[in-house]
Structures are given as C-alpha cells and as structure tokens.
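*Asks:* structure, please.
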Amino acid sequence: MDVLTTLGRTMGFSFAAGINLYATVAILGLASRFDWVTLPPQFKVFDNDIVIGAAIVMYLIEFVADKVPWLDSMWDAVHTFIRPLGGALIAVATLGHASPAVEGLAALFGGTLAAGTHFSKAGTRAIANASPEPFSNWILSITEDIFVVGLGMLALKYPVIALAVVALCVILMVTFAAWIYRAVRRRFALAPVTAGA
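*Replies:* So this is what the prediction gives:
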C-alpha cells in the first residue's frame, strides 16, 4: 500500500504540474506547513516561506495570464521547459530517499507526465484562441484551476484514487491526441484530390 500511496502522490502532483506548476507547489507547501494530512518527511522541502510565497505570487500571475487569449499561449510557450522540469523535480522530491537509478526513473517519468499534460493544455488553448470570444479561455482556465486543486487534494488525502484518476486522464489524453492526429491526416490526405479537381 505504501508503494501505491507514493505512486499516487508522485503521479498526481507531476500530472497537475504540467497544467499549473505554481498551484501544485503552493498546495504541497501549504499542506506540509499546516499538516492537512500526515506526509512523509520529504515533503518538508516544499515547506519554506520563499517557496510558498513565490508559488502563490506566480500562481496569481498565471491566473490572470491564463484568462487572456493568446497571452495564455505565450505563457504556455515560456513554460514548455519549466513545467516538465517542475514535474520531474516534484516526482524526485515526493519519492524520498532512493537509489540514483530510481530517482532518475522518477524524474524521467514525472517530467514525461508533466510534459504530456502541458502539451495537451497548450494545444487545447491554441484551439480555443481561434474562437473570437474570450469566454472559452476563461472557462478552460477556471476548469484547469479547479482540476489542479482537486487532484492535488485527492493526491494528498486519497493517493490511490488520484492514481486511478491520472491513469484515466492519461488514457483520455492519448485517445484525444490520436483523434487529432487522424483528423489532421485525413484533412491533408483530401487536399491533393481537391486541388486536382
């Protein structure tokens, strides 16, 4: 059960970091500071005034940037390397003491998971920005914030359920990516026929 708990927290927080790294770090820091749940000692790395303060300030900046069409895409572009790196660092930190090989695998896994959610978010935002109204951005942004906070709390209190949620979300992301790929491929496959006609 300890392995599933660790895996649920590691995957849950790495997945959330790809959507909103700063909210994820703030949740980890505040949970450790105020003992929302009993956490292993390695979570104390997030219990630092500077870490918590910086995470909250950056979350507030992201909260505003995420609501403005195209500014959200620029913000996502800047975070293309930041979020996966953050996901990797969170995975290693939540793992605790482990061999270098296990830490390396955790970093690779956490970074890949965060990169997947980051690119899914960025792609969804790029599609939403093609819409002339701003409401889709606001709805997406608020939904993402609620999801990150909800997944963070779930990973803290019920990590095995968080593990199941992340696994389901990964399946949906892969399915969605495959659907987009097939749709684009079909569109380009029809283009030469139309041009020849």
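
*Asks:* do a quick rundown of the helices in this protein.
*Replies:* 2-19, 21-33, 49-65, 71-78, 82-95, 100-129, 135-157, 159-196 (DSSP state H).

*Asks:* for those, give me a markdown table that also has distance to Pro41.
*Replies:* Any C-beta I mention is one placed from the backbone N, CA and C, and that applies to glycine too. Listed next are the helices of the chain as a markdown table, based on distance: least, Cβ to Cβ, whole Å:
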| stretch | distance to Pro41 |
| --- | --- |
| helix 2-19 | 13 |
| helix 21-33 | 10 |
| helix 49-65 | 16 |
| helix 71-78 | 33 |
| helix 82-95 | 11 |
| helix 100-129 | 16 |
| helix 135-157 | 15 |
| helix 159-196 | 16 |
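
*Asks:* between these, which gets nearest to Leu39?
*Replies:* helix 21-33 (5.9 Å; Cβ to Cβ).

*Asks:* format the helices of the chain as CSV; extra columns: mean pLDDT and mean neighbour count.
*Replies:* Shown next, in CSV, are the helices of the chain (pLDDT from 0 to 100; neighbours: other Cβ atoms under 10 Å):
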stretch, mean pLDDT, mean neighbour count
helix 2-19, 91, 23
helix 21-33, 94, 23
helix 49-65, 94, 15
helix 71-78, 88, 16
helix 82-95, 92, 23
helix 100-129, 87, 18
helix 135-157, 90, 18
helix 159-196, 73, 12
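
*Asks:* quick one: closest of the ones you listed to Gln42.
*Replies:* Nearest of those (Cβ to Cβ): helix 82-95, 6.1 Å.
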